[in-house]
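In: fold the stuff below for me.
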Amino acid sequence: MPERALDRAVPFVLGLFRIVVGLLFAAHGAAALFGVFGGGPKGGTVAAGVWPSWYAAVIQLGCGLLVAFGFGTRIAALLASGSMAYAYFVVHQPDGLLPLQNHGEPAAMFCWAFLLLAFTGPGALAVDALFRKRPDDARGVVSGESRGALSAVQVSPGGGE
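Out: Presented below is the predicted three-dimensional model:
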């Protein structure tokens, strides 16, 4: 019984995870670009156009907000994940192999969190849901009867019942 309740909560927990991760990521970009929240890496702002810092900050702010609102989540999350993989391997890894040695924990965690969101999608509470059509509406099926070989297949977290 509790497993079913947990399964029903998955989309909402995933949506909250997406919102929190997106806002945290956007805050990093805003700090580096505008000096808010204590500023960028050394307390100030990054100069416009400087590779890779300024571009990373733009990706952080833009993709973080897109992910937080759930708009184009999968693409924005994939771009954010790639930028954090680049940050880890190019910026942090030369200082040591492990994240604890090279201070790359945030880059590694953001990379994996965004990769998860790229594969799972936005969950509940996403702007994308406003533009998504139900599968029955897209096929023109008005009744509860579905057509097609795969129409009866439903993917749900936690397996079958």
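In: quick check: which element contains the spatially closest residue to residue 74 that is not a sequence neighbour?
Out: The spatially closest residue to residue 74, leaving aside those adjacent along the chain, is residue 118, at 5.2 Å (Cβ to Cβ, 6 or more residues apart in numbering). For the C-beta atoms, the positions are set from N, CA and C on the backbone; glycine is no exception. In this structure, residue 118 sits in helix 105-120 according to DSSP states H and E.
In: distance of the nearest residue to residue 53 once chain neighbours are set aside from residue 89?
Out: Spatial nearest neighbour of residue 53, chain neighbours left out: residue 46 (4.2 Å); criterion: Cβ to Cβ, 6+ apart. Going from residue 46 to residue 89 by Cβ to Cβ, to the nearest Å gives 20 Å.
In: for these two, indicate the residue with more neighbours.
Out: Legend: neighbour count by other Cβ atoms under 10 Å for residue 46 and residue 89, higher for residue 46 (22 against 13).
In: point to the helix or strand of the chain where mean pLDDT is at its lowest.
Out: One helix or strand of the chain scores below all others by mean pLDDT, DSSP states H and E: helix 135-139, with a mean of 53.
In: where in the protein is pLDDT low?
Out: Across the chain, the ranges flagged by pLDDT under 70 are 1, 41, 134-161.
In: try it again with 50
Out: Applying pLDDT under 50 to the chain picks out residues 138-156, 158-161.
In: and the longest helix for it?
Out: helix 2-34 (DSSP state H).
In: counting contacts, what elements does that one pack onto?
Out: Contacts defined by 3 or more Cβ pairs under 8 Å, 6 or more residues apart in numbering; DSSP states H and E place helix 2-34 against helix 53-69, helix 105-120.
In: let's have those in a markdown table, adding distance to residue 128.
Out: What follows is the helices and strands packed on helix 2-34, written out as a markdown table (distance: least, Cβ to Cβ, whole Å):
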| stretch | distance to residue 128 |
| --- | --- |
| helix 53-69 | 9 |
| helix 105-120 | 12 |
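In: among those, which comes closest to residue 16?
Out: helix 53-69 (10.8 Å; Cβ to Cβ).
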